[in-house]
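Enquirer: What follows is a protein structure lacking sequence information:
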């Protein structure tokens, strides 16, 4: 290699070295100061990302509360605490006017009754056809226990049980018969009371006089002997005008009973013996029951069409009228012999 070529190569190498040195100096100047330190601490990648400068927050001094302001706030807190500890005002009790009749308007304006739960069981229609009577026969007497035991579990948790007795207990002398003139052995009353736990029977229905007025009176006598209350048929005018009110779970409940008609003629001089559906009578008797202290009134109606599962137009009309014009709280229907909707 000649001298001129050697000199040219040396100059190129030196130039490259100078460029590399300049680049190294520039990179070193751009890196953080700690990279230039002799410390070999590893650098995290995210630490090399430049963050935007956060605004400098100026610390403001809290205002100094004067003693008077502090005292006022303390008093407010004490007052608020006393208000929270104050017991709510007691609700007014349900009290009926002592004197005078109670109008519908007055009744509706009274405070609500205290909440209470009553498990009321309603059954019916209760009657015995010829085959039923034969099945209950035990020698010279009758026992309906086996039949009624099948139903009793459904009534075990009831507070009060009411049913419709669509037969008579006129006694053996009248002859025990099924349809069309019912007279059931009075031993059925024993099963109704001691097997089912029956409390009340509605006796106003189209079969109440199947064995005449004497059969009606005999029916009430046997019910009382077996400890079952009754409503709907009566032995005197005074008995008819006396509201039937019983106490259930501490609540006074009145029961009224009516039927659409009687299959047998009603004695002309003893029209009081059975309650026929009549709007004015229902209204008067409901008012009489309310004045006598009843808190709830339940109307038992023997109405509708047999084996029809839905209420007729006349039933809907009468029920609406009763609720709008009397103190009635509940209507329990019977007679159809099928389960109908509420």
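Expert: Received the coordinates, thanks. Please read these numbers as outputs of a predicted model, since none were measured by experiment.

Enquirer: Neighbours of the residue nearest to residue 143 when sequence neighbours are not counted, how many?
Expert: In space, and not counting its chain neighbours, residue 143 is closest to residue 136: 6.0 Å by CB to CB, 6 or more residues apart in numbering. Any C-beta I mention is one placed from the backbone N, CA and C, and that applies to glycine too. Using other CB atoms under 10 Å, residue 136 has 22 other residues around it.

Enquirer: Which other helices and strands does the lengthiest strand in the chain contact?
Expert: Among the segments of the chain that qualify as a strand by DSSP state E, the longest is strand 251-259. Secondary-structure packing of strand 251-259 (3 or more CB pairs under 8 Å, 6 or more residues apart in numbering; DSSP states H and E): strand 200-202, strand 229-231, strand 244-248, helix 279-291, strand 296-302.

Enquirer: among those, which is nearest residue 181?
Expert: Of all those, it is strand 296-302 that lies closest to residue 181, at 17.2 Å by CB to CB.

Enquirer: Report the strands that pair with the closest one, each with its relative direction.
Expert: Note on strand 296-302: by DSSP bridges, its sheet partners are strand 251-259 (parallel), strand 330-334 (parallel).

Enquirer: now the angle from that strand to strand 244-248?
Expert: Strand 296-302 runs at 120 degrees relative to strand 244-248, counting by axes from the mean of the first three to the mean of the last three CA atoms, to 10 degrees.

Enquirer: Apart from its neighbours in sequence, what residue is nearest residue 128?
Expert: residue 184 (4.2 Å).

Enquirer: Test my guess that the one you found contacts residue 130.
Expert: No: between residue 184 and residue 130 there is no contact under CB atoms under 8 Å: 10.6 Å.

Enquirer: re earlier: quickly note the distance from the residue nearest to residue 128 to residue 210.
Expert: Distance of residue 184 to residue 210, computed by CB to CB, to the nearest Å: 10 Å.

Enquirer: shared neighbours, those two?
Expert: With contacts taken as CB atoms under 8 Å, 6 or more residues apart in numbering, residue 184 and residue 210 have 167, 168 as neighbours in common.

Enquirer: who's more crowded, these two?
Expert: Taking other CB under 10 Å, residue 184 and residue 210 do not tie; residue 184 has more neighbours (27 against 24).

Enquirer: Regarding residue 337, what is its secondary structure?
Expert: Following DSSP: H, G, I helix; E, B strand; the rest coil, we place residue 337 in the coil state.

Enquirer: contacting residues for it?
Expert: 125, 306, 307.

Enquirer: Only the buried subset of the residues you listed, as a PyMOL command please.
Expert: To isolate in PyMOL the members of the contacts of residue 337 that are buried, counting by 16 or more other CB atoms under 10 Å, one can use:
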select buried, resi 125
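
Enquirer: and the residue nearest to residue 154 when sequence neighbours are not counted, what pLDDT?
Expert: Excluding its sequence neighbours, the residue lying closest to residue 154 (CB to CB, 6+ apart) is residue 121, at 7.7 Å. Looking at residue 121, its pLDDT is 97.

Enquirer: need the contact list for residue 121.
Expert: Taking CB under 8 Å, 6+ apart, we find residue 121 in contact with 154, 155, 158, 160, 161, 162.

Enquirer: now with 10 Å?
Expert: Each residue near residue 121 by CB atoms under 10 Å, 6 or more residues apart in numbering is listed here: 154-163, 196-199.

Enquirer: Throw together a PyMOL command that grabs the buried residues out of the residues you listed.
Expert: PyMOL command restricting the contacts of residue 121 to the buried ones, with burial defined by 16+ other CB under 10 Å:
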select buried, resi 155+158+160+161+162+163+196+198+199
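
Enquirer: The contacts of residue 121 into JSON lines, with extra columns for pLDDT?
Expert: JSON lines is the format used below for the contacts of residue 121 (pLDDT from 0 to 100):
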{"residue": "154", "pLDDT": "94"}
{"residue": "155", "pLDDT": "94"}
{"residue": "156", "pLDDT": "93"}
{"residue": "157", "pLDDT": "94"}
{"residue": "158", "pLDDT": "97"}
{"residue": "159", "pLDDT": "98"}
{"residue": "160", "pLDDT": "98"}
{"residue": "161", "pLDDT": "98"}
{"residue": "162", "pLDDT": "98"}
{"residue": "163", "pLDDT": "97"}
{"residue": "196", "pLDDT": "97"}
{"residue": "197", "pLDDT": "97"}
{"residue": "198", "pLDDT": "98"}
{"residue": "199", "pLDDT": "98"}
